[in-house]
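Peer 1: This is a predicted model, with the sequence first.
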Amino acid sequence: MTRITVLLAAVLGAAMLSLFWGPEMGFLWRGLWSGEGPAALTLRVIRGPRVAAGLGVGAVLGLSGALFQMLFRNPLAAPDLMGFTSGAGLAIVAAISLGLALPLPLVSAAGGLLAALLVAALSRHRHRPTPPLTLVLVGLGVGFTTSALGTFLMTRLPVQEAAEAQRWLTGSLAARGWDHVAQVWAIGIGLTLAAAAQMRPLAALELGPDLAAGLGIRAGRARAALAATAVLLAAAGVAVAGPLPFVALMAAPLGARLVQARTAAGRLAAAATTGAGIVVLADLGARAALPGIQLPVGVATGLLGAPYLLWLLAQEMERGDL
């Protein structure tokens, strides 16, 4: 059995644990087999969509983070640190505040792409290629700005709309339905196929732009297409669960280490699987941490990811990359 198969089985086991966890575990298990009654209704309407949405959101965020880190050859390159997920979240908050009845995937995709274009414009250098670290640092500034704008917009909203906007900004899987599951999985599968079609340019760009050009790859065009795919993957997750922090940052390196992947396709598969596991386990931890209180999953991923980010920064400084 391959390592990626073991990892996939572990993630599915975590999903089953999240589905049935709680003092009512036996009650829910009987409901699964009977297919009727309150227990079966709970699984179909509340727990089932929540877990399935968490798997999809984690997978698209993990895949997005892996694409960015491979593309820029920097472990700090992730859509949340570079401001793309907060840009997508700001777009959703703005749509809520303006009363626009637009599809959330479309709104979040537009916000994420606009944030990406802003980062690219602000970090562009006229006479030499932009270093990846410059993109990350500019992205951090854009992310803080968009987060502040989102918070400001919430202060101008009525109480009910402000609560809805706060849910997006914090990151939550509560009250998700099968329509959310279909949305994130359909968009995620489509964008995964788009990423798979770009494996050759991605593998070449990992060698550097000069070698990629020597292999017949148009580096600028290929980098833009891959970055757009990664931004849209992150936006698909934000549209369902909000801008969950650090999932995209952690999934790729953890997945690669767990399965010891060497190829680009293997690392992307490991990142998607690991991202799904991180979100499902974080959601389980958020629900089980405090009896009677269900914390948003974004709080749990933030608590998990902050120490990892500090450790990663320490590693980069030791190597002299920061």
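Peer 2: Yep, it's here. Residues are numbered from 1 along each chain as shown.

Peer 1: Pull out the CA atoms of stretch 86-106 and give them to me as PDB.
Peer 2: Output of stretch 86-106 as PDB, limited to C-alpha atoms (Å, rounded to 0.1, in the frame of the first residue of the first chain):
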ATOM      1  CA  SER A  86      -8.600  38.000   2.500                       C
ATOM      2  CA  GLY A  87      -9.300  39.800  -0.800                       C
ATOM      3  CA  ALA A  88     -11.900  37.100  -1.700                       C
ATOM      4  CA  GLY A  89     -13.400  37.500   1.800                       C
ATOM      5  CA  LEU A  90     -13.500  41.300   1.400                       C
ATOM      6  CA  ALA A  91     -15.300  41.000  -1.900                       C
ATOM      7  CA  ILE A  92     -18.000  38.800  -0.200                       C
ATOM      8  CA  VAL A  93     -18.400  41.300   2.700                       C
ATOM      9  CA  ALA A  94     -18.700  44.100   0.200                       C
ATOM     10  CA  ALA A  95     -21.300  42.200  -1.800                       C
ATOM     11  CA  ILE A  96     -23.300  41.600   1.500                       C
ATOM     12  CA  SER A  97     -23.000  45.300   2.500                       C
ATOM     13  CA  LEU A  98     -24.200  46.500  -0.900                       C
ATOM     14  CA  GLY A  99     -27.000  43.900  -1.000                       C
ATOM     15  CA  LEU A 100     -25.800  42.400  -4.300                       C
ATOM     16  CA  ALA A 101     -27.500  39.000  -5.000                       C
ATOM     17  CA  LEU A 102     -24.500  37.600  -6.900                       C
ATOM     18  CA  PRO A 103     -23.200  34.000  -6.800                       C
ATOM     19  CA  LEU A 104     -20.600  33.800  -4.000                       C
ATOM     20  CA  PRO A 105     -18.100  31.800  -6.000                       C
ATOM     21  CA  LEU A 106     -18.100  34.600  -8.600                       C
END
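
Peer 1: Report the buried residues of that stretch.
Peer 2: By neighbour count, and taking 16 or more other CB atoms under 10 Å as the criterion, the buried residues in stretch 86-106 are 86-97, 104-105. For the C-beta atoms, the positions are set from N, CA and C on the backbone; glycine is no exception.

Peer 1: Also stretch 271-291?
Peer 2: Applying a neighbour-count criterion of 16+ other CB under 10 Å, the buried positions in stretch 271-291 are 271-287.

Peer 1: now swap in stretch 183-203 and tell me
Peer 2: The neighbour-count check on stretch 183-203 (16+ other CB under 10 Å) flags Gln183, Val184, Trp185, Ile187, Gly188, Leu191, Thr192, Ala195, Gln198, Pro201, Leu202, Ala203 as buried.
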